[in-house]
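1. Provided below are the primary sequence and the corresponding predicted coordinates.
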Amino acid sequence: MATTFKTLLPGDVIDTRNRLHESIPITGTIVSGTYGPQGQERNIKDYSHGLFQSVFDYPFLSSSANHIFDLTMGYSSNSPISASSVAGYKQQKSKINIYNQMAQVLMGHDADGNIREFDADGDLTGGSKIRQCYFLNISRLLGKDEIKKGSFQIDLGVEPNYDKPFSASLSITDTNAETSYKTNSPAGEYGILKTNTLTGGPSTGQGGRAVVSASHNVGLIFYQAGVVVLSSSIFHGSAQGDQGILDEHHFPEMDMTHTASVAGFSEPGPLNSIFKLFASSSISGACNALRHRIGNISFNNTTELNSTIYFCRANANEFNYSSNPTYLKDSKIRVKADDSRAEPVSYITTVGLYGPNNELLAVGKLSEPLKKTPSNELTVRVRLDY
Amino acid sequence: MSYLREFGPNDIYVNELRTHPQYEFVMWNGTEYLNNRKHEGIDIKTGTVNLYEYNVNRAAGEARIFPFVEKAGSLIRLNSTPVSSFSGSTYGSTIQGEYPLTSSIARQLFNASDGLGASERLRLHAMRTTFDYYKYLSPVYDYETYYSGSDVNLISIPSIMFGSRIKPGSLDLKIFHSGTLVGRAKDIRRNGELICITGSNSGSVVGVALYGEGFLALTSSDTVAAVNDTYTGTAARVTASWIYFGSHHQGTNKPRETVFSLEFKGTHTVPVVTMMAHANRGELNNSLNPTFISSSVSGSVRLTSNNSASFVEDDEIPIKNTVKSPFTNTTASFEKQTFISKVGIYDENRNLIAIAKLAQPIRKREEDAYTFKLKLDL
């Protein structure tokens, strides 16, 4: 008798998860330069609310354009530039709100209900905090399910001269994040961004000190959320407070905006150009300044493919007949060619998966029919991706 | 007063929204143009749809986005990787693909002179069952009679464009010669028959469409109009007919005097869940918004007792009267009213899973009753 249905046993059904990746290189000229002079770039979308700007890989009015990331910045209410005494500040409340919004989503709240600040080393019990930062929100189109740990790199021009920022290019990576990522965030796993190599800059600083502190923590990357937090410390000196990483001798005040001075800004304490920028520039202006110094960004994304594998086993005495109308001719099995003693033969072309109520749910087709006789056994591996 | 209301059995229903995106291919001199799109990035090939539209404008030598996967026991591979090279690679090795992945229409001419069973006609023979299946629509689907040994001009349309099927009645094929429309065929009967609607052959069937599969099979070699061009791709000029439709990239002598146009609509089905959220009379007339209570209240507006053992809200805090008087310098009588700005959807465990925002808040008085219709594409 022809067997048409066979119940799958627990050992015949296996759930698996596979990961597909894409390598995403974003050259700095896409972010700034290719599509017009700064301020008129056709691939940068500024909004009337002025809270962030969107970066596309092509003029955004074209249907070919893909959204790459959103860029914004903010600072904590504990930052020295958050004081109301800072003259000439602009969008201060918005910048603090953005910081708080990002921090509460990505870092959560402490036991007292206060928003946690971004922590430089991911150890929330202490250590230094990141209080002035840029945020890169990578689009879901590129980030997919998550950014692959250990694959992120951003190269930033840190040469003080505005006109040739990449004479000194600082590479920042999440090296070793595959094993050392943090899990104490409500938004998923995150890694620590560290300074890696300095290309083109001086090899040693004043008094033989390192120009850039090796493996300095300069940001965080939230893999599932697709958010990169970049500390302002990348652009200022170590003596100028708040974990500045550059040697002041070779990297004096960074020319971030190509303007001689910022009108109306007085410097309460050791603030240098990046602080001026954060305090007295608009959010979009500060974002423009960062884009001007982005050399390259690269990362790998991850798409999780969930699969269920069904091992459909056709034993020796099963599936050797067919109920296909063409299987019989003149009331005889066609493939036996009038030899009544010949063993039955069938050709398996399709595997159907049925629900508990015998509804056909899915069909798996073979690329070519498989010959099935009582003298062979087959296991057809059916994979269902979702 | 309830803030959370459970949907009743008639408040939620699932239906389908059917969309028909329109496509127009214009073919001339070896190039197809899709929906008049052109010059939209150096890596966007004209006349194609592009998966993800990655690498839209990256010059040669510039780093490009590409997919990769590590070969593992699950045998997951990229479709663009040949099975032979995948099988030959070692486990753990990285297998790369490349972008862009594009798709476009294709044209293949099966000449009657190839003969029955010639290897060039195998693709057409493989469609025999499909053709014959649609004989219930029209006898011109009969494979043996019309396609087995005849000239067949097969136009293939990828399903990424038309979705589940080409919309019957939307096919429109045009042939222009030197800027003049000389031939036009449409499926005016909506049964798959492509009927010529111009010239002396008007009314005759010139081919059929397989709506669900995305194929057009044109068989008419009758003269469309008394015009000629190099439709065979050689220097010889031949008279225009439907078997040359889409021959714009044929051979070395492309028919440059002729423009072919193909229009159709696809069918995409979008499942939609519709939810009716009711705000009945006498309900939802209170708010937990801090601004709902009067700002004239001094001190703690929320607590009358706050110690380690209890937390009691003051139930006699006055509500701000937001009713506007029609008269100047007078205060209107107090009435409870709220302004509804959002509707939240919760799951059975009271997790907020979706929010619907109104374009502008709606005033809800005690005597008002509203039903908000929420639609969610699945």
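-> Looks like it came in fine.
2. Now do the strands in the stretch 51-200 of chain A.
-> Using DSSP state E, counting those that start in this stretch, the strands of the stretch 51-200 of chain A run over A:53-56, A:67-75, A:118-119, A:129-130, A:132-138, A:146-147, A:153-157, A:169-173, A:190-199.
3. and the angle from the helix or strand following the last one to strand A:153-157?
-> I take that to be strand A:190-199. The first helix or strand that comes after strand A:190-199 along the chain, using DSSP states H and E, is strand A:217-222. If you take axes from the mean of the first three to the mean of the last three Cα atoms, to 10 degrees, strand A:217-222 sits at 140 degrees to strand A:153-157.
4. Compute the number of surrounding residues for B:V49.
-> Close neighbours of B:V49, defined as other Cβ atoms under 10 Å in any protein chain shown, add up to 19. For the C-beta atoms, the positions are set from N, CA and C on the backbone; glycine is no exception.
5. which residues does it contact?
-> B:V49 sits next to B:L34, B:T102, B:S103, B:S104, B:P158, B:I160, B:M161 when contact means Cβ atoms under 8 Å, 6 or more residues apart in numbering or on different chains.
6. Give me the domain ranges for chain A.
-> As assigned by automatic domain parsing, chain A contains the domains A:20-303, A:315-385.
7. circling back to that earlier point, select from the contacts of B:V49 every entry located in strands.
-> Members of the contacts of B:V49 lying in strands (criterion: DSSP state E): B:L34, B:T102, B:S103.
8. Check pLDDT for these and point me to the minimum.
-> Minimum pLDDT for those is recorded at B:T102 (89).
9. That one contacts B:G47, correct?
-> No: contact between B:T102 and B:G47 fails when scored by Cβ atoms under 8 Å: they sit 9.0 Å apart.
10. residue closest to the middle of chain A?
-> For chain A, the residue sitting closest to the mean C-alpha position, by Cα atoms, centre = their mean, is A:I147 at 3.3 Å.
11. sorry, back to before: and chain A, which of the contacts of B:V49 reach it?
-> Among the contacts of B:V49, not one lies near chain A by Cβ under 8 Å from any Cβ of the partner chain.
12. What strand or helix carries the residue of the stretch 51-200 of chain B found nearest chain A?
-> Residue of the stretch 51-200 of chain B nearest chain A, by Cβ to the nearest Cβ: B:A63 (3.6 Å). Counting by DSSP H and E, B:A63 is held by no secondary-structure element, helix or strand.
13. what does A:N301 give?
-> Under the criterion of DSSP H and E, A:N301 resides in strand A:294-314.
14. Could you pick out the residues of chain A near chain B for me?
-> A:16, A:18-25, A:27, A:34, A:57-58, A:62-66, A:141, A:298, A:300, A:305, A:307, A:309, A:383.
15. can we see that at 7 Å?
-> Counting by Cβ under 7 Å from any Cβ of the partner chain, the residues of chain A lying close to chain B are A:16, A:18, A:20-25, A:27, A:57-58, A:62-64, A:66, A:305, A:307.
16. Can you list which of those are found in helices?
-> Among the residues of chain A next to chain B, none falls in helices (DSSP state H).
17. give me the low-pLDDT residue ranges for the chain?
-> Picked chain A for this. A:1-3, A:202-214, A:238-244, A:247-253, A:257-272 (pLDDT under 70).
18. Let me rephrase: I mean chain B.
-> Judged by pLDDT under 70, the stretches of chain B that qualify are B:1-2, B:298-313.
19. that older thread, please list all residues in contact with the residue nearest to the centre of chain A.
-> A:I221, A:Y223, A:G226, A:F299, A:N301 (Cβ atoms under 7 Å, 6 or more residues apart in numbering or on different chains).
20. Buried residues, stretch A:40-53. List them.
-> For stretch A:40-53, the neighbour count (16 or more other Cβ atoms under 10 Å in any protein chain shown) marks A:E41, A:N43, A:I44, A:K45, A:D46, A:L51, A:F52, A:Q53 as buried.
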